[in-house]
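Colleague: sequence-free structure coming up:
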């Protein structure tokens with residue numbers, strides 16, 4: 001009979017139990033299979049109990065206020081144990097939180113005992129609320145002597161308007177140039193600038209945000225002409 005927790009694990013790992021990934025899950029768009037907590041308890045936990053070991057775990061807050069799963073694998077007779085803390089992520093969705101805790105309980109037990117299922121277990125990403133990013137396929141070089149595929153053409157469409165802009169409204173570059181030219185011509189103050197713009201467009205303008213691209217171009221052209229006239233010698 002094993003005398004310590006380490007001797008128990010040595011005996012267990014010498015003849016490890018077999019887990020079958022018979023449950024279906026999904027990680028993002030990828031379907032997976034896994035051995036659930038019920039099977040892990042029936043196969044692994046029952047073997048540990050027969051060897052005099054109990055497994056306990058509790059979702060709790062650690063000394064730093066972080067949400068963790070505190071776990072312990074204890075050999076009852078010798079009082080030797082293996083303990084640790086597995087980080088958990090708080091979630092507003094109770095079902096998602098429960099899935100994360102269930103996964104952590106199963107993952108910790110398998111990790112601390114060294115037991116694995118049929119192949120690598122990756123279903124935990126879905127339980128923890130993570131999504132598997134799809135890997136981008138890199139283009140493969142064409143075999144020697146064969147033409148390479150044509151490079152994708154860059155889009156020639158007009159980029160979408162920036163936040164605060166409309167499709168036909170004054171653009172930010174126009175806005176910046178307009179204010180600069182108004183300042184250069186001595187119309188930098190708000191009332192003077194709006195008065196100048198209203199005179200050019202022959203309608204009342206209360207804010208430059210109401211200008212269209214065409215309005216802004218007309219005013220900018222007018223300002224540039226006026227500046228050229230000011231710079232000409234008398």
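Modeller: Alright, I've got the coordinates. Nothing here was measured: the structure is a model prediction, and the numbers come from that model. Residues are numbered from 1 along each chain as shown.
Colleague: from the chain's centre, how far out does whatever helix or strand residue 192 lives in sit?
Modeller: Using DSSP states H and E, residue 192 maps to helix 190-201. Relative to the centre of its chain, helix 190-201 is centred 47 Å away, using CA atoms, centre = their mean, to the nearest Å.
Colleague: stretch 30-39 too?
Modeller: Worked out by CA atoms, centre = their mean, stretch 30-39 lies 24 Å from the chain centre.
Colleague: ends of it, how far apart?
Modeller: For stretch 30-39, the separation between the terminal residues is 23 Å (CA to CA, to the nearest Å).
Colleague: state the mean pLDDT of it.
Modeller: Average pLDDT, stretch 30-39: 78.
Colleague: circling back: other SSEs contacting whichever helix or strand comes after the helix holding residue 192?
Modeller: Counting by DSSP H and E, the next helix or strand C-terminal to helix 190-201 is helix 213-231. Judged by 3 or more CB pairs under 8 Å, 6 or more residues apart in numbering; DSSP states H and E, helix 213-231 is in contact with helix 172-184, helix 190-201. Every residue, glycine included, has its C-beta placed from N, CA and C.
Colleague: buried residues in the helix holding residue 192?
Modeller: Along helix 190-201, these residues count as buried under the neighbour rule (16 or more other CB atoms under 10 Å): 193-194, 196-197, 200-201.
Colleague: can you list those in a markdown table and add pLDDT and distance to residue 184?
Modeller: Shown next, in a markdown table, are the buried residues of helix 190-201 (pLDDT from 0 to 100; distance: CB to CB, whole Å):
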| residue | pLDDT | distance to residue 184 |
| --- | --- | --- |
| 193 | 88 | 11 |
| 194 | 89 | 17 |
| 196 | 91 | 12 |
| 197 | 92 | 15 |
| 200 | 92 | 15 |
| 201 | 91 | 19 |
